[in-house]
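Undergrad: sequence-free structure coming up:
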């Protein structure tokens, strides 16, 4: 795609690429391996060739910032009840026909990224707003790796955690650097067949499985998994059974798995919404295969949104949508009833952010116009 890359401070050099014998340059960030001539951009649209190198064209620019509940990422076992400062940029290295953030992830207009913020400003704002973490979300942070890593470094200096909401489509070398900067992640496991990944997502299942295995066995990153169930596409009992057996075997029983409801969007407007019964069935299959923490999302299901002790069955964290209704963990993150440890990263007491959603402009914060969050 011959689209000129603007020359401005948001354009920064990258290192995951190499030259080819035919004069093109190959981007080595993700398994698409886009091969570019001067002035061309990759499929993600934000990484392209300029002056015989691959550059990122969205450094320091965002589609917007918002303070969300951490459970919305979704992360149910990472600092429950706390607020997280969330933001994304533009573009994506997948092409999911069902994308529910398509106006951001499929954007081809970088000029729409009107909110600008340095890594240091983001960390300062998160601290001032009372956020315990910053989330890279709305579009995949893999494609703005350099910006995300710098934000994470600035956050760590202030004791702020960082969260990656990602599809996991990233090559081995950049994967090591990217996740070394992260404290937590939610990884989309979009289905469990190569057919679904190739025809519906325009990507590959194998890379995502490699990322999940890497996270479990080679990092200390806390991660949870989300699967959006789409009627007739990836919601069969057999596929859910195979998927959750693989998770239990390769990742262990303590990795939380969220099954979310699809609603018609983007290029799948004619596909019906996911029935709540499908999510309940998926949760039952996953639990029967040994997964201890399985959740339903995008539907009102207090039972499916709550956390239970896998040993005695006590509800240790009650949730009604994003509002916490019960807290039965002791100071060490154990079930208050039987003292069985609950997997996750918990503080002595939960946060009380609830279901609030608060858009913020960091440009205003930079000039002292933002009030401190209560």
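TA: Right, received. Where do you want to start? Since this is a predicted model, take the numbers as computed values, not measurements.

Undergrad: State the number of residues packed around the closest residue to residue 155 other than its chain neighbours.
TA: Sequence neighbours aside, residue 123 is the residue nearest to residue 155 in space, at 4.5 Å (criterion: Cβ to Cβ, 6 or more residues apart in numbering). (C-beta placed from N, C-alpha, C; glycine too.) Counted by other Cβ atoms under 10 Å, the residues lying close to residue 123 total 26.

Undergrad: and residue 123, that's in a strand?
TA: No: counting by DSSP: H, G, I helix; E, B strand; the rest coil, residue 123 is located in no strand; its state is helix.

Undergrad: pLDDT score assigned to it?
TA: At residue 123, the pLDDT value in this model is 96.

Undergrad: quick one: contacts for it?
TA: Residue 123 sits next to 134, 151, 154, 155, 157, 158, 160 when contact means Cβ atoms under 8 Å, 6 or more residues apart in numbering.

Undergrad: how does the protein divide into domains?
TA: Domain ranges of the chain: 12-56, 62-299+345-359, per automatic domain parsing.

Undergrad: Indicate which one of the ones you listed is closest to residue 329.
TA: Evaluated with Cβ to Cβ, the domains of the chain place domain 62-299+345-359 nearest to residue 329, the distance being 6.0 Å.

Undergrad: distance between the ends of that closest one?
TA: With Cα to Cα, to the nearest Å as the measure, the first residue of domain 62-299+345-359 is 13 Å from its last.

Undergrad: got the residue ranges for the helices in the stretch 251-374 of the chain?
TA: Using DSSP state H, counting those that start in this stretch, the helices found in the stretch 251-374 of the chain span residues 276-288, 302-305, 362-366.

Undergrad: Out of the ones you listed, the one nearest residue 29 is which?
TA: Among the helices of the stretch 251-374 of the chain, the nearest to residue 29 by Cβ to Cβ is helix 362-366 (26.0 Å).

Undergrad: avg pLDDT for that closest one?
TA: Rounded mean pLDDT across helix 362-366 is 67.

Undergrad: same deal with stretch 130-142?
TA: 96.

Undergrad: distance between the ends of it?
TA: Per Cα to Cα, stretch 130-142 runs 26 Å from first to last residue.

Undergrad: Please identify the buried residues of it?
TA: For stretch 130-142, burial by neighbour count (16 or more other Cβ atoms under 10 Å) applies to 131, 132, 133, 134, 135, 136, 137, 138, 139, 140, 141, 142.

Undergrad: And the first one, how close does it get to residue 312?
TA: This points to residue 131. To residue 312, residue 131 is 34 Å away according to Cβ to Cβ, to the nearest Å.

Undergrad: The second one too?
TA: Residue 132 sits at a distance of 29 Å from residue 312 (criterion: Cβ to Cβ).
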